[in-house]
Each structure stands twice: as structure tokens, then as C-alpha cells.
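> Next input, structure requested:
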Amino acid sequence: SVASFAPAAAGAYTLSLVVNDGTENSAPDQVNVQAITPLQCVSDAAAAAIATINDAAATDIDAIGHREALVNFVEQGRTAAQNANPALALTRFGEALRRTDGCTLRGAPDPGGVEQDWMIGCAPAQTAYTHIRRAMDCAALPPLVP
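Take a look at the predicted model:
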């Protein structure tokens, strides 16, 4: 079986795991974890995505203005999540994902057209995609008790 943990409230937790081979128990193994709210997760992931986009070299962005447009999509997603509008948050994060997904999903930037990638350097595009995807996933979670 697989061990899992789904906290009902944000905070610090100490988890202990003991396994049994059918004969005897193992020594307990412990780990400390910090559970954060989905909103904090959105905020942290969005900040990491924005930093990645802003730190990308000029050659990693396909056109003047697309860096700012990507940052705006991510900022709008974060703001929507903070304003308890998950549908808008998911839409805005989705727009940013569509402009960074080629390298991650298909191994190369998406060429021109409606789905054209704006981040064309694969390393920063993959990092940005990962952070944006995390923000999007967190925006879709039900809130925890802070």
C-alpha cells in the first residue's frame, strides 16, 4: 500500500511511518513537513514563475513585449486566486501555460500560430511551465483552514 497525508489545516506536522513485513514492525521513520494553504502555494509558485520569466535571457523570449505579457498572465492568475476567483485564475494560468508548454510537452518550442510559445529557450520555458502548472494546480484546490 501507499502512505499518504492530506492535512485539513495549514501548519507544521511530524509524520511517522512504521511498516510491517507480516512478521515484525520496522523502526519508525519520521519527517517534519510544513503544510501551506492553496493560496500560499499559488503565491509561491507564481512568484517563482515570474522570477524565471524575468530572469530569462532576451534570446529565450520570442518577441519584445511577450515577457511582460507572460508576467501579466501569471500576475492576473495570482490576483484572481487571491480574490477567490479560481475560474479566472485557471484561465490566466492556462494562457501562460500555452505560451511555455512546447519544450515540456513536445521537446521543442511550439511554432507560430495560436499556440505559439513565447518562451523559446527550453531550459527557462520548462522551469516556468513547471511553476505555472504548480500555481494552476494549487488554484484548483479547496482552501485549507489557515
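
> residue ranges for the helices of the chain, please.
Ranges of helices in the chain, per DSSP state H, are 38-55, 66-82, 86-98, 102-106, 122-139.

> most packed of those?
Most buried of the helices of the chain, by mean neighbour count (mean count of other C-beta atoms under 10 Å): helix 122-139, with a mean of 22. Just so you know, the C-beta spots here come from the backbone N, C-alpha and C atoms, and that holds for glycine as well.

> Quick one: mean pLDDT over that one.
Helix 122-139 carries an average pLDDT of 97.

> which helices and strands does that helix pack with?
helix 38-55, helix 66-82, helix 86-98, helix 102-106 (3 or more C-beta pairs under 8 Å, 6 or more residues apart in numbering; DSSP states H and E).

> Residue 9 is nearest to which of the helices of the chain?
Residue 9 lies closest to helix 38-55 among the helices of the chain, at 12.2 Å (C-beta to C-beta).

> Please write out the alpha-carbon positions of that closest one in CSV.
What follows is helix 38-55, C-alpha atoms only, in CSV (Å, rounded to 0.1, in the frame of the first residue of the first chain):
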residue,chain,number,x,y,z
PRO,A,38,-3.5,26.5,-1.5
LEU,A,39,-3.4,30.3,-1.7
GLN,A,40,0.1,30.4,-0.3
CYS,A,41,1.0,27.6,-2.8
VAL,A,42,-0.4,29.7,-5.7
SER,A,43,1.5,32.8,-4.5
ASP,A,44,4.8,31.0,-4.1
ALA,A,45,4.6,29.2,-7.5
ALA,A,46,3.5,32.4,-9.3
ALA,A,47,6.4,34.3,-7.7
ALA,A,48,8.8,31.6,-8.9
ALA,A,49,7.3,31.6,-12.4
ILE,A,50,7.6,35.4,-12.6
ALA,A,51,11.2,35.3,-11.5
THR,A,52,12.0,32.7,-14.1
ILE,A,53,10.4,34.7,-16.9
ASN,A,54,12.1,37.9,-15.8
ASP,A,55,15.5,36.2,-15.5
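
> Many thanks, I have nothing further to ask.
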